[in-house]
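In: Quick one, what's the 3D model for this:
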Amino acid sequence: MKYLVTLLLFFIWLPLFSQNKDFKLFYPHKNELGINVTNVLGNVLSLNPNNASSPYGITYRRHLGSSSFRSGFNINIINTEEDDFSTGNFITRNLYIMSVDTRFGWEKHMLLSKKFMFSYGIDLLLGYEKENSEILDFNLGNTSFISDLYTLGVGIGPVLRFEFKISDRLFLSTESSFYGYHEMTKETLTIGNSTSDEPDKSRANLKLELPQSLFFNISF
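Out: Next comes the predicted model:
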């Protein structure tokens, strides 16, 4: 891992051949807000955007000449209730999930033309998820089964970005990343009036995100 981090830092700080004035012409405004429009575009064009795996719905960048601060954010909430009265069962199921994904990073730019920009950098990832699942079984005298899950994740990895300039204020972009991610999960079970803590769980994985998501960016 230490060799990977060293290699990433080396490439991030490689000297570029373009002058700062060229980057200022490409980015005349310092702030850029992006919206993930992959699902919207896919529905309009009757395509299937389910393979677009970027979890970030909103991005923000601050341009500083030949480099930029980058960030991304997304929140997702699911709240469902289901009654099961089939085959003699009398069960009510409630599910609540809230997940938050954020990233913060730095990128260096390489100007390909007046309309195209290539960037490379590194991201730090933070994720949080809360899941509450409750089952009320009327067959067992209104006995409730409640599971509370709390998951915290951290990660790091390199990212590549391609951006097309429509105008001084409008841009289209896509990204590719390769993240290492580690998460810890705590679970509490409540059955009736008895509550117990389950053993903590952890897992680590590598996430390769190909450039399948499209972002519409507005500069200001």
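
In: so what's residue 24 scoring on pLDDT?
Out: Predicted confidence (pLDDT) for residue 24: 87.

In: Identify the residue spatially nearest to it, adjacent ones excluded.
Out: Counting by CB to CB, 6 or more residues apart in numbering, residue 65 is the residue found nearest to residue 24 once chain neighbours are left out, at 7.0 Å. Placement of C-beta: from N, CA and C, glycine included.

In: need the strands for the chain, in chain order.
Out: 31-36, 58-64, 67-84, 91-111, 116-137, 143-165, 170-191, 194-197, 201-209, 215-219 (DSSP state E).

In: of all these, which lies closest to residue 24?
Out: strand 58-64 (8.5 Å; CB to CB).

In: Mean pLDDT and distance to residue 24 for the strands of the chain - can I get that in JSON lines?
Out: What follows is the strands of the chain, written out as JSON lines (pLDDT from 0 to 100; distance: least, CB to CB, whole Å):
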{"stretch": "strand 31-36", "mean pLDDT": "95", "distance to residue 24": "14"}
{"stretch": "strand 58-64", "mean pLDDT": "95", "distance to residue 24": "8"}
{"stretch": "strand 67-84", "mean pLDDT": "90", "distance to residue 24": "12"}
{"stretch": "strand 91-111", "mean pLDDT": "92", "distance to residue 24": "11"}
{"stretch": "strand 116-137", "mean pLDDT": "93", "distance to residue 24": "12"}
{"stretch": "strand 143-165", "mean pLDDT": "93", "distance to residue 24": "13"}
{"stretch": "strand 170-191", "mean pLDDT": "94", "distance to residue 24": "15"}
{"stretch": "strand 194-197", "mean pLDDT": "84", "distance to residue 24": "55"}
{"stretch": "strand 201-209", "mean pLDDT": "92", "distance to residue 24": "30"}
{"stretch": "strand 215-219", "mean pLDDT": "96", "distance to residue 24": "12"}
